[in-house]
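> Predicted structure and sequence below. I'll ask about it afterward.
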Amino acid sequence: MTTTTRALAHPASPLKRITSVAKLHFANPWTTLGLPWIILGTIFVLSLTVWGLIYWAASPAARTNVLDGMEYGGSSLFIFVYMMVVAIQAISITFPFALGYGVTRRDYYLGSSLAFVILAVIYTTGLTILAAIEKATNGWGMGGTMFAPIYFGDSALERVYVEFVLFLFFLFFGAAIATVWVRWKASGVVVFFIVVGAFLVALIALATFTESWGAVGESLVSLGIVGVVSWSLVITAISAVSGFVLLRGATPRNAV
Amino acid sequence: MTSTIEVHNLTKRFGKVVAVNDVSFSVAENKIYGLLGRNGAGKTTLMQLLTGQEFASEGTISLFGQAPVENAKVLQNTCFIKESQRYPEDFRPKDVFKTAPWFFANWDEEFADRLIADFRLPLDRRIKKLSRGQLSSIGVIVGLASRAPLTFFDEPYLGLDAVARHIFYDRLLEDYANHPRTVILSTHLIDEVSNLLEHVLVIDDGKLLINEDAETLRNRATNVVGMKTAVAAFVGTRTVLHRDGIGGLSSVTVAGLSESESRDAKAAGLELSPVSLQQLIIQLTSNETTEFEASA
């Protein structure tokens, strides 16, 4: 009698419940932090090797040219796309687990979203620090570009914004895919990609038939990277909201 | 005595399959319930409905007086350990025990440590490298140490050996005595838990077949053994749940006998023995069911 009454009388606050779920994603940081940084580190070491080879193979006269070309490097792009994988893994792994702990879907989704925003902050900070080192060392001494490619913007501030927004985009797009997976498993994800694919084809067809590719190109150029990335926030928001709606109706199942 | 769970006319359909069919019952506070039934009878679905993991097609559920679906206030008082509970693959058991207290207000770390030692669970090995039995013991430890006011164990001991299962029963009883709470235990190993259970719910084909005090249920049927003719004479028109015979001997399970009936049987040279819970449920959930219900 007393046990029940006592436990019911002092429920954990909503904030505590949500932060507990967020912490769950970092309880073993291997998936969310460890592996991505290790892969990024490996790519960095490989890039260093390649830069070294090019740098020393090029004649001193041609080196300026080589340095210009390397501005377009950007193997760090991988880490953004990989965030989609991280989000999918994080949700599909912890959702059935958390519900067994008596967590509601609402708290689970809000807590996971909080974790994703924190991840975006962590990765943006990491890339910003590495970009600063890259700039300061003149491309790791060899003119290499991995963390501050020119298409992420010209200033450090622009880069921070672009990276943060891109991380959010991939994390929440991944979260939406994950909720489709949690709710309908593989068949749902297949349908999801067919729908997304059809939508993209429709957009391409629209641009082609109205002969507006020129206009599309112009507006992309005039928007600039910051503008284009800002528009992705619309898709990010749609993904985040649909993820929430989908997960509210999902039931944890063991079948894979 | 208040009831922790109230279920009215609960039905769950998956397409054309009716997994839970118009079930009504209540669960009293601070008792150990057995939820028994065959594979696919609807036990897991029922528990998922109770914990808000599934959505009811019809009917109402109330936990601690409120609907459980998406109700944090209610759900944080529950712990649901599933048969094949999945854990994040990269987790080690110690990560599970580190995170559990964030969600269970009554978590007892000392108790958890003691259970970890009891089950000889390696804490640093990755979940995917654990054996089936070790995985099950994680669930059992979380279920016990969480001390959730309402705890569900759904076949918690897949792959656990007999020793480990008995540790589970012992610790459950011991801890339950000191920290009363409502426990719902679903299992196939009916005889092993029959002394543990205070109340029995039997579900078959989605329908609630039995909702009875365990003690009453044990007295509901008796084995009558003796010479064929004597048994036949005694049984007469009584409902027979089960019949066996070798040569001139016959063994018949009949519905509960009154004291005077028992005396008559002994006087007729018949031997009476109680029917184990497991036998009884096997007989009730096989085809003789309707016959028994008609008379019960």
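Cool, the structure landed. Just so it is clear, the structure is predicted and the values come from calculations on it, not from any experiment. Residues are numbered from 1 along each chain as shown, chains lettered A, B, ... in the order given.
> The longest helix seen in chain B vs chain A: in contact?
Taking DSSP state H as the criterion, chain B has its longest helix at helix B:162-178. No - on the criterion CB under 8 Å from any CB of the partner chain, helix B:162-178 is out of touch with chain A, staying 10.7 Å away. In this view, the C-beta of every residue, glycine as well, is placed from N, C-alpha and C.
> Just to check, residue B:205 is in contact with residue B:41?
Yes - proximity of residue B:205 to residue B:41 meets the contact threshold set by CB atoms under 8 Å, at 6.4 Å.
> and residue A:107, which of the three is it?
Three-state call for residue A:107 (DSSP: H, G, I helix; E, B strand; the rest coil): helix.
> Contacts only, for the residue nearest in space to the middle of chain B.
Central residue of chain B (CA atoms, centre = their mean): residue B:34, 2.5 Å from the mean position. Taking CB atoms under 8 Å, 6 or more residues apart in numbering or on different chains, we find residue B:34 in contact with B:185-187, B:190, B:193-194, B:196-197, B:199-201, B:214.
> hmm, back to that, could you give the mean pLDDT of the longest helix of chain B?
For helix B:162-178, the mean pLDDT works out to 95.
> after it, next one along is what?
Next along the chain after helix B:162-178, taking DSSP states H and E as the criterion, comes strand B:182-187.
> out of residue B:205 and residue B:41, which sits in the more crowded spot?
residue B:41 (22 against 15; other CB atoms under 10 Å in any protein chain shown).
> quick check, that one in a strand?
No - counting by three-state DSSP, residue B:41 is located in no strand; its state is coil.
> And the pLDDT at it?
If you check residue B:41, the pLDDT there is 89.
> List, one by one, the residues from the stretch 1-150 of chain A near chain B.
With CB under 8 Å from any CB as the criterion, the stretch 1-150 of chain A meets chain B at residues A:1, A:3-4, A:7-8, A:10-12, A:14, A:17, A:20, A:23-24, A:27-28, A:30-31, A:93-94, A:96-107.
> Buried subset of the residues you listed, written for PyMOL?
Here is the PyMOL selection string for the buried members of the residues of the stretch 1-150 of chain A next to chain B, based on 16 or more other CB atoms under 10 Å in any protein chain shown:
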select buried, chain A and resi 3+4+7+8+11+12+17+20+23+24+27+28+30+31+93+94+96+97+98+99+100+101+102+103+104+105+106+107
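> Contacts only, for residue A:192.
Going by CB under 8 Å, 6+ apart, residue A:192 touches A:177, A:180.
> I meant to write residue A:24 there.
So residue A:24 contacts A:94, A:97-98, A:111, A:115, B:99, B:102 (CB under 8 Å, 6+ apart).
> go with 10 Å
A:90, A:93-94, A:97-98, A:101, A:103, A:108, A:111-112, A:115, B:88, B:91, B:95, B:99, B:102-103 (CB atoms under 10 Å, 6 or more residues apart in numbering or on different chains).
> same check, this time on residue B:13
The contact partners of residue B:13, by CB under 10 Å, 6+ apart, come to B:19-21, B:56-58, B:206.
> Next, it: secondary structure please.
Using three-state DSSP, the structure places residue B:13 in strand.
> Nearest residue to residue 126 in space, please, no chain neighbours.
Picking chain A for this. Closest residue to residue A:126 apart from its sequence neighbours, by CB to CB, 6 or more residues apart in numbering or on different chains: residue A:37 at 7.5 Å.
> actually it's chain B I care about, not the one you picked
Leaving aside its chain neighbours, residue B:126 sits nearest to residue B:92 (5.7 Å; criterion: CB to CB, 6+ apart).
> Residue B:98 is in contact with that neighbour, correct?
Yes - in this structure, residue B:92 is within contact of residue B:98 by CB atoms under 10 Å, at 9.3 Å.
> Report the set of residues contacting both of these two.
Common neighbours of residue B:92 and residue B:98 (CB under 10 Å, 6+ apart) are A:27-28.
> neighbour count winner among the two?
Legend: neighbour count by other CB under 10 Å for residue B:92 and residue B:98, higher for residue B:92 (21 against 14).
> Could you report the distance from that one to residue A:136?
39 Å (CB to CB, to the nearest Å).
> Which of the helices or strands spans residue B:35?
Using DSSP H and E, residue B:35 sits within strand B:32-36.
> List the buried residues for stretch A:159-178?
So stretch A:159-178, judged by 16+ other CB under 10 Å, has buried residues A:159-178.
> The residues you listed in strands, which ones?
Among the buried residues of stretch A:159-178, no member falls in strands (DSSP state E).
> Residue ranges in chain B under the pLDDT threshold?
Scanning chain B with the threshold set as pLDDT under 70 gives B:1, B:287-296.
> so what's the nearest residue to residue B:37 once chain neighbours are set aside bridging to?
Leaving aside its chain neighbours, residue B:37 sits nearest to residue B:203 (4.2 Å; criterion: CB to CB, 6+ apart). Listed beta-bridge partners, residue B:203: residue B:208 (assigned using DSSP bridges).
> List the residues that contact residue 175.
Unless you meant another one, I'm taking chain A. Contacts of residue A:175 by CB under 10 Å, 6+ apart are A:84, A:86-88, A:90-91, A:109, A:112-113, A:116, A:236, A:239-240, A:242-244, A:246-247.
> nope, chain B
B:108, B:111, B:114-115, B:144-145, B:147, B:181, B:183.
> for the residues you listed, which one is nearest residue A:75?
Using CB to CB, residue B:145 comes nearest to residue A:75 of the contacts of residue B:175, at 46.3 Å.
> Not counting sequence-adjacent ones, nearest residue to the closest one?
Nearest non-adjacent residue to residue B:145, counting by CB to CB, 6+ apart: residue B:112, 3.8 Å away.
> what does residue A:78 give?
residue A:43 (6.4 Å).
> The one you found is in what secondary structure piece?
Judged by DSSP H and E, residue A:43 forms part of helix A:35-57.
> which outside residues touch that helix?
A:29-30, A:62-63, A:66-67, A:69-70, A:73, A:75-76, A:78-79, A:82-83, A:85-86, A:89, A:119, A:122-123, A:126-127, A:130, A:139-147, B:90.
> Now with 6 Å, please.
For helix A:35-57, contacts defined as CB atoms under 6 Å, 6 or more residues apart in numbering or on different chains pick out A:66, A:75, A:79, A:82, A:142, A:144, A:146.
> three-state assignment of the last one?
At residue A:146 the chain is in coil, as set by three-state DSSP.
> For residue A:139, see how far away it is.
If you go by CB to CB, the gap between residue A:146 and residue A:139 works out to 9 Å.
> who's more crowded, these two?
residue A:146 (23 against 20).
> Residue A:77 is in contact with that one, correct?
No - counting by CB atoms under 6 Å, residue A:146 stays clear of residue A:77, with 9.6 Å between them.
> Am I right that residue B:223 falls within a strand?
Yes - under three-state DSSP, residue B:223 sits within a strand.
> Not including adjacent chain positions, what is the nearest residue to it?
For residue B:223, ignoring the flanking residues on the chain, the nearest one in space by CB to CB, 6+ apart is residue B:273 at 4.6 Å.
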